[in-house]
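S.K.: have a look; sequence and predicted model below, questions after that.
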Amino acid sequence: MPDNQLPLNDAPRSKHAQLTRPHAGEFGRHELAILGAPCGKIKELAARLLPLLQPTLRVAYVDADHAAGDDAAQGGSGGQDAILQAGAAAELTDKITFTRLDVKRPLDKFSQPELLQHQNLVLVNGNHFRARQQLVILDPAKPVEKKLDRLTDVRALLLPEGVTEVPAYLQAHVAEAPVPVLSLHDTAAIADLILQEWHAAAPPLRGLVLAGGRSQRMGQDKGKLSYHGQEQRAYAAEMLALFCQDVHVSCRPDQITELEYAGLRPLPDTFADLGPLSGILSALRLDPNAAWLVVACDLPLLSEVTLAHLVRHRQPARIATAFQSPENEWPEPLITIWEPSSYPQLLRFLSLGYSCPRKTLINSNIELLPAPAPEELRNVNTPEEAAQVRQELE
């Protein structure tokens, strides 16, 4: 039984399906408010940090423009150009070196993460917005004594020049957990702390064997074929267990009993008739906060060495880490680590009418690796191919 499903008799009654929600704050999974200083100093710190963070992470910055609001209140345009003033609800402009989207739409807890879903980290002006974690500048011009309710998870205290002590009220507020104290001008140390904590928070890795296909060309269940003295789906699950905290086997509902009898952990498809995408989406629905190492059950030549190479070169800042196909430049979606950020991307492509996971990978920010042993990526789909592989393995 999937981990997040209760027996029918024990499940609480609900009008809607109970879904596991992604860990997200106001603007994204990883967000950091900077507060305790005038807005100009906060933006200046963000500008200093970006060159050090950007090589590793995609970083967004969130701020407010109250001057525009004041202008609108006095009858001005409020920063809107002629098209928006004429009534356009949105204006998309190709600025050649970047793209600008101006939208007449209020920010809220649903639209904010959607607008920034492709970012690895969001830096936020904490004078205007909240974020799950905070950097606090101890600027005497902007004390945070009346903003302690915003300091829910302080990651560092930053001392401007001339400030040497942490105020007693702040020491008491953060007393339960030690908080590093850094110089506001030590940009490298602040960036290093941010990067260390981002990497430490990388999603756990869970395993998924795709074994719910109909195996029509093979004429029998490919997952039940034996190349290594046991069913291939069990063999693949054992290999994934070397790298993952647990392993599920993606399946059709009618396969649940036989998989449980075989000692495997079935994960029935909750997205129907989408081919391998059904299994990937079902896994991300089960746990949208984990990265899923997905392997098809028809790869009898795949080795632990190749899987270890994939895991060792995993890039959690990308939506996926995949091998390049030995036949072309495209990624192999069925030997891939799918990060949590891939879930909305796969659903977006599905909403556009694409059920091919490779299509999503081709058009997304992924880490694409040359396979150390390309011959191991060979799918076995027919009896003739299976016989050939058994001969090679002898």
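M.R.: Yep, that arrived. Everything quoted here is computed from the prediction, not taken from an experiment. Numbering: from 1, shown residues only.
S.K.: can you give me the domain assignment for this protein?
M.R.: Using the TED database, the domain parsing of the chain gives 31-64+89-201, 205-393.
S.K.: which of the ones you listed sits closest to G25?
M.R.: Closest to G25 of the domains of the chain is domain 31-64+89-201 (C-beta to C-beta; 3.7 Å). In short, each C-beta sits where N, CA and C put it, glycine included.
S.K.: so for that closest one, mean pLDDT?
M.R.: The pLDDT scores in domain 31-64+89-201 average 95.
S.K.: gap between the two ends of it?
M.R.: Counting by C-alpha to C-alpha, to the nearest Å, you get 12 Å between the two ends of domain 31-64+89-201.
S.K.: now do stretch 174-193
M.R.: End-to-end distance for stretch 174-193, by C-alpha to C-alpha: 18 Å.
S.K.: buried stuff in it?
M.R.: Taking 16 or more other C-beta atoms under 10 Å as the basis for neighbour counts, the residues of stretch 174-193 that come out buried are V174, V179, L182, L184, T187, I190, A191, L193.
S.K.: biggest separation within those, which pair?
M.R.: Of all pairs drawn from these, the one with the largest separation by C-beta to C-beta is V174 and T187; the distance is 22.2 Å.
S.K.: so who does K222 touch?
M.R.: When contacts are counted by C-beta atoms under 8 Å, 6 or more residues apart in numbering, K222 is found next to A211, G213, S215, Q232, C297, D298, V380, N381.
S.K.: got a winner among these for most neighbours?
M.R.: Looking at the contacts of K222 with neighbours defined as other C-beta atoms under 10 Å, the largest count falls to A211 at 31 neighbours.
S.K.: tell me where the stretch 151-300 of the chain has strands.
M.R.: Here the stretch 151-300 of the chain has its strands, by DSSP state E, counting those that start in this stretch, at 154-159, 181-183, 205-210, 247-251, 266-268, 291-296.
S.K.: with distance to P143 added, can I get those in CSV?
M.R.: Output for those, formatted as CSV (distance: least, C-beta to C-beta, whole Å):
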stretch, distance to P143
strand 154-159, 13
strand 181-183, 16
strand 205-210, 43
strand 247-251, 51
strand 266-268, 52
strand 291-296, 41
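S.K.: any idea how far the most centrally placed residue in the chain is from A64?
M.R.: Within the chain, one residue has its C-alpha closest to the average C-alpha position: by C-alpha atoms, centre = their mean, that is S341, at 2.7 Å. S341 sits at a distance of 26 Å from A64 (criterion: C-beta to C-beta, to the nearest Å).
S.K.: over to R100?
M.R.: In this structure, R100 lies at 17 Å from A64, with C-beta to C-beta as the measure.
S.K.: find the nearest non-adjacent residue to A320, please.
M.R.: Here the nearest residue to A320 in space, its sequence neighbours aside, is I366; by C-beta to C-beta, 6 or more residues apart in numbering that works out to 4.6 Å.
S.K.: now do the same contact list for the one you found.
M.R.: With C-beta under 8 Å, 6+ apart as the criterion, the residues that contact I366 are R318, I319, A320, T321, A322, P331.
S.K.: again with N381
M.R.: Shown in contact with N381 (C-beta under 8 Å, 6+ apart): R217, M218, K222, D298.
S.K.: the helices in the stretch 101-250 of the chain, which residues?
M.R.: Along the stretch 101-250 of the chain, counting by DSSP state H, counting those that start in this stretch, helices occupy 111-115, 168-173, 187-200, 232-241.
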